[in-house]
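1. Here's a sequence, model it:
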Amino acid sequence: MDVQLAVAVLVFLFTYALIISERVHRTVAALFGAAVVLFLKVVPWEAIPEYLDLDTIFLLIGMMIVVNTAKESGLFEYIAIKTAKLAKGSPMKVLLLFSVVTALVSSILDNVTTVLLLTPMLIYITRLMEVDPIPFLLSEVFASNIGGTATLIGDPPNIMIGSAAGLSFNDFLINMGPIAFLDLFITVLIIYLAYRGEMRVSPKRRERLLSIINGLKEEDAIKDPSLFKKSLVVILSVVALFFIHDRLGLEPAVVALSGASFLLLWSRQDPEHILEKVEWTAIFFFVGLFIIVGSLVETGVISDVASWMMGYVHSTGEAILIITWFSAISSAIVDNIPLTATMIPLIKAMGTSINTYPLWWALSLGACLGGNGTAIGASANVVVIGIAGKEGIRITFNDFLKIGLTIMFATVAVGTGILWLHYVGV
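-> This is a model prediction of the structure:
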């Protein structure tokens, strides 16, 4: 076996093992693996710009700056209180509305940011209503992963796929939006059936709950009215530009960075304070990962695996099924970001003999929704369970697994069926 090829494979497997075992931070594992392949010249220094996906990296940085600035205004707490009031003391309506709001917010912000903003408020409201917070928290997690599936910027795998395949915001909305919409209501229905006993309250108790919720003032959540308005204007403008970025000839990363810089300039927020809150560990995780996957491309591993897979794939339909379910089941076990980084060059290599356009949606579907399967399947899952644990709410791995696997198989099956009907036919 070629020495460089062996090094690339060993570094890739070793890095994955470190990430899964969580013995070291995943960013440290990725940077160490990248350093090894660069030091041993498996990836030439001149080839780095080819493998670093700057569209993904700058899009994430831009959106993180926008969110961190808007967060200072109290905008997201305001949305949470408004949602609770709309529910009018009904636990079922709180479940449904928070799931819808989480999915909508998650479709324009990353999942982790969404749950970081909404989870404390959800715990607060369920305690006011004196109901078990677990079904509400689980629904929030699943909704964040489903909402992120709908758009180019909703989930890191979609950002990576969009950048690699040149897919626009509208492409994602048209192909994945209907799947996410249907899957969201299937998920809420499953949660309701599993926890329906928790959703029932007497009329007298509902009146008391309504009185408590109506006592909350959403205006009090606004910490900085001027920043609140400016954040709202910039976020809506950025989202509007995402819809037409391809017609303007602008990359999504340029839109995000423009919105971030304009909001910083307009709001006069301290840039050091805002930039400190950017998830730099996530950004450097991507940098290391792109270089490691680049080593597999450089040594021909990806093209060899693609050739092997193509020996078993004879049609677009077979490829959709294999990529969707392989990605979904793998994402339930390992982080969906390294999985997506590995699958992208694989699908590109398959392009020599098959139309890869439907396969990008298959990858998005599996990578985003597979994370709902287990407690460690997506970063948002880990974050919500961690916040809940600090508040004395224990969600065990098995608790999550029982409902998570059901939802994963149901939503991925529905999505696969829609993709099949759209691209293969009956």
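2. which residue is nearest the middle of the protein?
-> The residue lying closest to the centre of the chain (CA atoms, centre = their mean) is residue 155, at 2.8 Å.
3. I'd like the distance between the nearest residue in space to that residue that is not next to it in sequence and residue 98.
-> Leaving aside its chain neighbours, residue 155 sits nearest to residue 148 (3.3 Å; criterion: CB to CB, 6 or more residues apart in numbering). For glycine as for every other residue, the C-beta is placed from the backbone atoms N, C-alpha and C. In this view, residue 148 and residue 98 are 16 Å apart by CB to CB, to the nearest Å.
4. Looking at the two, which has the bigger crowd around it?
-> Set side by side, residue 148 and residue 98 show more neighbours around residue 148, with 34 against 25, by other CB atoms under 10 Å.
5. who's in contact with that one?
-> Taking CB atoms under 8 Å, 6 or more residues apart in numbering, we find residue 148 in contact with 106-107, 110-111, 154-155, 158, 368.
6. Now the buried members of those.
-> Among the contacts of residue 148, the ones that count as buried by 16 or more other CB atoms under 10 Å are 106-107, 110-111, 154-155, 158, 368.
7. which regions of the stretch 1-150 of the chain lie under the pLDDT threshold?
-> 1, 113 (pLDDT under 70).
8. again, but for the stretch 251-400 of the chain
-> By pLDDT under 70, the weakly predicted segments of the stretch 251-400 of the chain are 306, 310, 333-335, 376.
9. Off-centre distance for the helix ranked longest in the chain?
-> As assigned by DSSP state H, the longest helix anywhere in the chain is helix 169-199. On the basis of CA atoms, centre = their mean, to the nearest Å, helix 169-199 is displaced by 15 Å from the centre of the chain it belongs to.
10. Helix or strand next in line after it, which one?
-> Following helix 169-199 in sequence order, the next helix or strand is helix 203-214 (DSSP states H and E).
11. what does that following helix contact?
-> 84-85, 87-90, 125, 128-130, 201.
12. Specify the local secondary structure of residue 392.
-> Recorded secondary structure, residue 392: coil (DSSP: H, G, I helix; E, B strand; the rest coil).
13. roughly how far apart are it and residue 127?
-> 10 Å.
14. Looking at these two, which has the bigger crowd around it?
-> residue 127 (12 against 7).
15. how close does residue 177 get to residue 146?
-> Where residue 146 is concerned, residue 177 sits at a distance of 11 Å (CB to CB).
16. per-residue confidence for the closest residue in space to residue 170 that isn't next to it in sequence?
-> Closest residue in space to residue 170, ignoring its immediate chain neighbours: residue 243 at 6.3 Å, by CB to CB, 6+ apart. On pLDDT, residue 243 comes in at 77.
17. Can you check what angle separates the helix or strand where residue 243 lies from helix 169-199?
-> Secondary structure from DSSP H and E places residue 243 in helix 225-248. For helix 225-248 against helix 169-199, the angle between stretch directions is 130 degrees (axes from the mean of the first three to the mean of the last three CA atoms, to 10 degrees).
18. got the contact list for helix 225-248?
-> The contact list for helix 225-248 (CB under 8 Å, 6+ apart) reads 66, 69-70, 72-75, 78, 108, 151-153, 168-170, 173, 222, 250-252, 254-256, 258-259, 262-263, 266-267, 269.
19. are any of these buried, and which?
-> When the contacts of helix 225-248 are checked for burial by 16+ other CB under 10 Å, the buried set is 66, 69-70, 72-75, 78, 108, 151-153, 168-170, 173, 222, 251-252, 254-256, 258-259, 262-263, 267, 269.
20. pretty sure residue 345 contacts residue 292?
-> No - counting by CB atoms under 8 Å, residue 345 does not reach residue 292; the two are 11.7 Å apart.
21. which of these two has more neighbours?
-> Neighbours per residue (other CB under 10 Å) separate residue 345 from residue 292, with residue 292 holding more: 30 against 20.
22. Distance check, the more buried one against residue 299.
-> 11 Å.
23. Next: residue 368.
-> Counting by CB to CB - residue 368 and residue 299 are separated by 29 Å.
24. Residue 421 now?
-> To residue 299, residue 421 is 39 Å away according to CB to CB.
25. Comparing those two, which residue is more hemmed in?
-> Each of residue 421 and residue 299 has its neighbours counted (other CB under 10 Å); residue 299 has more, 21 against 10.
26. doesn't residue 4 make contact with the more buried one?
-> Yes - the criterion here is CB under 8 Å, and residue 299 meets it with residue 4 at 5.3 Å.
27. from what I can see residue 269 touches residue 66, true?
-> No - taking CB under 8 Å as the definition, residue 269 is not a contact partner of residue 66, at 11.2 Å.
28. Tell me the residues that contact both of the two, please.
-> residue 263.
29. Tally up the residues packed near residue 182, please.
-> 16.
30. quick one: it and residue 410 touch, right?
-> No - using CB under 8 Å, residue 182 makes no contact with residue 410, being 10.5 Å away.
31. hey, what's in contact with both of the two?
-> With CB under 8 Å, 6+ apart as the test, residue 182 and residue 410 reach no residue in common.
32. if we can go back for a sec, ok, and for the helix holding residue 243, which residues are buried?
-> So, applying 16+ other CB under 10 Å, buried residues of helix 225-248: 227-228, 230-231, 234-235, 238-239, 241-242, 245-246.
33. next one: stretch 32-39
-> Neighbour-count burial for stretch 32-39 flags 32-34, 36-38 (criterion: 16+ other CB under 10 Å).
34. Nearest to residue 405, out of those: which one, please.
-> Distance to residue 405 across these (CB to CB) is lowest for residue 33, with 30.5 Å.
35. how close does residue 344 get to residue 163?
-> Taking CB to CB, one finds residue 344 at 9 Å from residue 163.
36. Find residues that contact each of the two.
-> If you check residue 344 and residue 163 against CB under 8 Å, 6+ apart, no residue is contacted by both.
37. related to what we said a few turns ago, quick check on the contacts of helix 203-214: which are buried?
-> 84-85, 87, 89-90, 125, 129, 201.
38. JSON lines please, covering the residues you listed and showing secondary structure.
-> JSON lines is the format used below for the buried ones among the contacts of helix 203-214 (three-state DSSP):
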{"residue": "84", "secondary structure": "helix"}
{"residue": "85", "secondary structure": "helix"}
{"residue": "87", "secondary structure": "helix"}
{"residue": "89", "secondary structure": "coil"}
{"residue": "90", "secondary structure": "coil"}
{"residue": "125", "secondary structure": "helix"}
{"residue": "129", "secondary structure": "coil"}
{"residue": "201", "secondary structure": "coil"}
